[in-house]
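Asker: I'd like to go over a predicted model; first the sequence, then the structure.
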Amino acid sequence: MNVFSTCWNSRRHHDGESMIDEILSLGFDAVELSHGLQLTLLPGIKKAVEGNRARIEGVHNFFPAPIESLGDSPDMYQFTSYKEPERKRALELTFQTMEHAAELGASYVVLHMGSVPFFKANECTRELERMARNGLIGTREYALRKGEIVRRRMELSPRYCERARDALAVLADKAAALNLKLGIEGRSHLEQVPGELEMLQLMQEFAGNPHIGYWHDFGHIQRKHNLLLLNHEQFLQAMQPYLIGSHVNDVRWPSRDHRAPFKGGDVDFAGLLRFFTPEMPLSWELSSSMTEEDIHTARRKWNACLPW
């Protein structure tokens, strides 16, 4: 199922209907409403849906953007925060997202769960990325530094993962009431929750719940693959029993993601798509710098490598 995210064009539009129309003109089946959309776009989105011209397949938390946010801030409030008011605000905004999703006929909501704060925000991952760009991948210096960072993260993570798990238990009840699936997204940074082993454990805990699943982001996981933090294929194979959909984007080595597939990136889509089924939503989540020509070119190659 080919879906296209509004993260590509939402900043160019002041009317939700025109935003949807531009995406439909690309030939995609359905739309995912991305995080960061302003509330003023909602009337036009509803008009397109009520006129049966558009199908909203999914929504990315938070939608719409929190009114107190000055920009696109999907991690502004985190379920893992040590501050209880922040955790409550994260739940409140997610309930709002889920209600909008149900009203618009969506089938899923994509969630970020939070992070493990140590050193500066995301600075450890950025350090490894700088080392990679400087040609240090595979060296003893890189291996030692990576090991130090990973060990420190593992020491700190349990309390934050527990908060994420508690929040998901609450959200699962709301998802059941609204008949939605919650896709827990695989993230791009070591600091973010859940990590790979934590994701597997989380999915195993909720394995009996039809409203909870794993949301794969090709670009995020490829970034970790490029830093030798995991093997993309092996990780996706382990997560296949819990897989409900994905964000489609490529990566210009080592860490520039949200590229159109096959546009100078190194994600092995032909090899990885075998883990998906035709009914799973594959939502293209691309940078606004990608042109219509980039997208059309990518789709021709994409259709040729689909395994079904």
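Answerer: Perfect, I can see it now.
Asker: how deep is Gln204 tucked in, by neighbour count?
Answerer: 11 (other Cβ atoms under 10 Å). C-beta here means a position set from N, CA and C on the backbone, and glycine is covered the same way.
Asker: any idea how far Arg187 is from the closest residue in space to Pro281 that isn't next to it in sequence?
Answerer: Spatial nearest neighbour of Pro281, chain neighbours left out: Gly245 (4.2 Å); criterion: Cβ to Cβ, 6 or more residues apart in numbering. Using Cβ to Cβ, to the nearest Å, we find Gly245 at a distance of 16 Å from Arg187.
Asker: quick one: neighbours of Arg11, just the number.
Answerer: Per other Cβ under 10 Å, the neighbour tally for Arg11 reads 15.
Asker: part of a helix, is it?
Answerer: Yes - counting by DSSP: H, G, I helix; E, B strand; the rest coil, Arg11 is part of a helix.
Asker: once you drop chain neighbours, what's closest to it?
Answerer: In space, not counting the residues next to it along the chain, Arg11 is nearest to Ser288; the distance is 6.3 Å by Cβ to Cβ, 6+ apart.
Asker: do you know how far the residue most central in space within the chain is from Glu84?
Answerer: Central residue of the chain (Cα atoms, centre = their mean): Glu185, 4.7 Å from the mean position. With the distance defined as Cβ to Cβ, Glu185 ends up 24 Å from Glu84.
Asker: one more: Leu91?
Answerer: In terms of Cβ to Cβ, Leu91 sits 11 Å off from Glu84.
Asker: ok, those two, which is more surrounded?
Answerer: Using other Cβ under 10 Å, the more surrounded residue of Leu91 and Glu84 is Leu91, with 16 against 9.
Asker: would you check how far apart that one and Asn122 are?
Answerer: In terms of Cβ to Cβ, Leu91 sits 23 Å off from Asn122.
Asker: read off the pLDDT value for the residue nearest to the centre of the chain.
Answerer: As predicted, Glu185 sits at a pLDDT of 98.
Asker: if I pick the nearest residue to it once chain neighbours are set aside, what's in contact with it?
Answerer: Distances taken as Cβ to Cβ, 6+ apart put Trp215 closest to Glu185, at 4.5 Å, once the chain neighbours are dropped. Residues near Trp215 by Cβ atoms under 8 Å, 6 or more residues apart in numbering: 108, 110-111, 183-186, 244-247.
Asker: partners of the helix or strand that contains Trp215 in the sheet?
Answerer: Using DSSP states H and E, the element containing Trp215 is strand 212-217. The pairing partners recorded for strand 212-217 under DSSP bridges are strand 181-185 (parallel), strand 243-248 (parallel).
Asker: give me the beta-bridge partners of the residue nearest to Pro281?
Answerer: Here Gly245, judged by DSSP bridges, has bridge partners Trp215.
Asker: neighbours of the residue nearest to Arg11, just the number please.
Answerer: Counted with other Cβ under 10 Å, residues neighbouring Ser288 total 12.
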